[in-house]
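Student: following is a predicted model, sequence given first.
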Amino acid sequence: MPRSSPTLVIIILVFLLESGLMFSTGMDPAYSDTSGVVSRKKFVLPPNNETGLARNLKNGKALYHYYCATCHGETGNSDGFNSYSLTPPPPKLSDGRFMIPLSDTTIKRVIKEGGASLSLSPHMPSWDGVLTDQNIADITCFVRTLVVVNPTFVQPSL
Ligand code: HEC
């Protein structure tokens, strides 16, 4: 009786592992139902070049105080010296009711492209060319820390 070649055994094992036949129970409906679902093997991460950006809160704080506080105020209360001459006034970045619904993508975009690109006031400047994407990610991270709980806010009954 011919002894099975070790190479052949390895090839078969690799094939079974690759094809998912080995260790596959066939019980998980999330994986066994392929209708309309992109096969796991075809799944690739979206080409989001910001996914890998680490957030640097300290850098974000320093940049915020330099570039944003003149209008939005040191603590996000929109009491920077420039704020009084602006119509509409800069929104309070400390107001959770305003800030929490804003996504990080929107915040990053308004910083990079300016208010006009979002049909907002052009007095919100565009910082493209001044601040890098990393800087903008850091500022966005810091801006989130300015939000304070408003004691007068009453939770609406759902
Ligand atoms: C010259 C004053 C000024 C400076 C400096 C400024 N902003 Fe603004 N910002 C504004 C004004 C005015 C608006 C309101 C635009 C509107 O509602 O039409 C605004 C709006 C915003 C909004 C809300 C956007 C939205 O979707 O409603 C965010 C977030 C913001 N600014 C963040 C920043 C950050 C972060 C910086 C610093 C990088 C900065 N701003 C610098 C004036 C300024």
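Tutor: On my side now, so go ahead.

Student: where's Arg55 relative to Trp127, distance?
Tutor: Distance, Arg55 to Trp127, using Cβ to Cβ, to the nearest Å: 17 Å. Heads up, the C-betas are built off the backbone N, CA and C, glycines and all.

Student: looking at the two, which one has more neighbours?
Tutor: Neighbour count, other Cβ atoms under 10 Å: between Arg55 and Trp127, Trp127 has more, with 19 against 14.

Student: touching, that one and Ile136? I think so.
Tutor: Yes: in this structure, Trp127 is within contact of Ile136 by Cβ atoms under 8 Å, at 7.0 Å.

Student: got any residues that touch both of these two?
Tutor: Ile111, Lys112 (Cβ atoms under 8 Å, 6 or more residues apart in numbering).

Student: residues from the chain in reach of the ligand?
Tutor: Contact residues (Cβ under 6 Å from any ligand atom) of the chain with the ligand: 67-68, 70-72, 82, 86, 88, 90-91, 102, 106-107, 110-111, 115, 118, 120-121, 123-125, 127, 139, 143.

Student: let's go with 8 Å and repeat that
Tutor: Counting by Cβ under 8 Å from any ligand atom, the residues of the chain close to the ligand are 63-64, 67-68, 70-72, 80, 82-83, 86, 88-91, 93, 98-99, 102, 106-107, 110-111, 115, 118, 120-121, 123-125, 127, 131, 136, 139-140, 143.

Student: is the residue lying closest to Thr140 once chain neighbours are set aside in a helix, a strand, or coil?
Tutor: In space, and not counting its chain neighbours, Thr140 is closest to Ile107: 4.8 Å by Cβ to Cβ, 6 or more residues apart in numbering. Judged by DSSP: H, G, I helix; E, B strand; the rest coil, the three-state class of Ile107 is helix.
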